[in-house]
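[1] Got a predicted structure plus its sequence, pasted below:
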Amino acid sequence: MRKEKKSFFNKKNIIGLLIAFVMVSSLLGAWQGGYVAMDKYKDFKFRSKEYNVFGKIDGEWIQFKYHPTELESIEASPEALQTIKDSKMIYVTFDPEDKQIGAIELARIEIIESFSSEFNIYPVVGVTMNSSQYQAYPLMTCDNATSIIPVLYLKSSNETKITKEGDCIYVYGSNNIEFKPLQDRIRYSVYEVME
């Protein structure tokens, strides 16, 4: 009686290979730190991890909250963004009685941190009117803006956009959640990922 040759591609081996493939893929995913969705925007690589987006800019992975494609619909004046890029110092101001003060405060803190640590832009914070809560801040309005030191004015509005009037840059958010994408829109512009 002749023995049948066993094929390597039998049911048992195929299932074993599939299980090994899944395990190796899982290990590689864990080794990559859980990053997913590698893609490109213009010449920049992007990947995501949990609730953040990371863009590879000048050889370094920079963290953002939004992918550039999510921000393309935000109206942003090229002149306003270029003024920020060209600045070495910038005044950042807000109305202490603005109805979106919580979102504005968070945006202000994150923008000044980004300006100073990422872009070597020295920010000076002020307020547009006297307030007991913000008495340590100097009065600063668009009247203080110059071509050398512009004013960035964070303000709630019925629109979300970035505009420029004279040497004053207005960053308008239409609700509490709209200031975060505006911050990333500014950062992408200064990094020259977006125009």
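    Here it is on my side, so go on.

[2] Contacts only, for the closest residue to Asn158 other than its chain neighbours.
    Sequence neighbours aside, Ser174 is the residue nearest to Asn158 in space, at 5.8 Å (criterion: Cβ to Cβ, 6 or more residues apart in numbering). No exception for glycine: its C-beta is placed from N, CA and C like everyone else's. Ser174 makes contact with 156-160, according to Cβ atoms under 8 Å, 6 or more residues apart in numbering.

[3] May I see these organised as a markdown table, with pLDDT added?
    Below are these laid out as a markdown table (pLDDT from 0 to 100):
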| residue | pLDDT |
| --- | --- |
| Ser156 | 93 |
| Ser157 | 93 |
| Asn158 | 91 |
| Glu159 | 91 |
| Thr160 | 93 |
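
[4] If we only consider those residues, which is nearest to Tyr66?
    Thr160 (12.6 Å; Cβ to Cβ).

[5] where in the chain is pLDDT low?
    Low-confidence segments of the chain (pLDDT under 70): 1-38.

[6] Mind jotting down where the strands sit in it?
    Counting by DSSP state E, the chain has these strands, from start to end: 36-41, 44-49, 52-57, 60-64, 75-76, 89-94, 122-127, 151-156, 161-165, 168-173.

[7] and the second one, what other elements does it pack with?
    It stands for strand 44-49. On a contact count with 3 or more Cβ pairs under 8 Å, 6 or more residues apart in numbering; DSSP states H and E, strand 44-49 meets strand 36-41, strand 52-57.

[8] Can you say which of the strands of the chain is nearest to Pro181?
    strand 168-173 (8.7 Å).

[9] Can you report phi and psi for Pro138?
    Per-residue torsions, Pro138: phi -70, psi 160 (degrees, to the nearest 10).

[10] Narrow the contacts of Ser174 to those that are buried.
    Buried members of those, counted by 16 or more other Cβ atoms under 10 Å: 156-157, 160.

[11] Turn those residues into a markdown table, columns for distance to Asp43.
    Below are these laid out as a markdown table (distance: Cβ to Cβ, whole Å):
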| residue | distance to Asp43 |
| --- | --- |
| Ser156 | 35 |
| Ser157 | 33 |
| Thr160 | 27 |
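
[12] Among those, which one lies nearest to Asp58?
    For the buried ones among the contacts of Ser174, the nearest to Asp58 is Thr160 (28.6 Å; Cβ to Cβ).

[13] ok, now how distant is the closest one from Leu152?
    Relative to Leu152, Thr160 is positioned 15 Å away (Cβ to Cβ, to the nearest Å).

[14] Repeat that for Tyr91.
    Computed as Cβ to Cβ, the Tyr91 to Leu152 distance reads 7 Å.

[15] out of these two, which sits in the busier spot?
    Neighbours per residue (other Cβ atoms under 10 Å) separate Tyr91 from Leu152, with Leu152 holding more: 28 against 24.

[16] mind listing what that one touches?
    Going by Cβ under 8 Å, 6+ apart, Leu152 touches 84, 90-93, 111, 169, 171.
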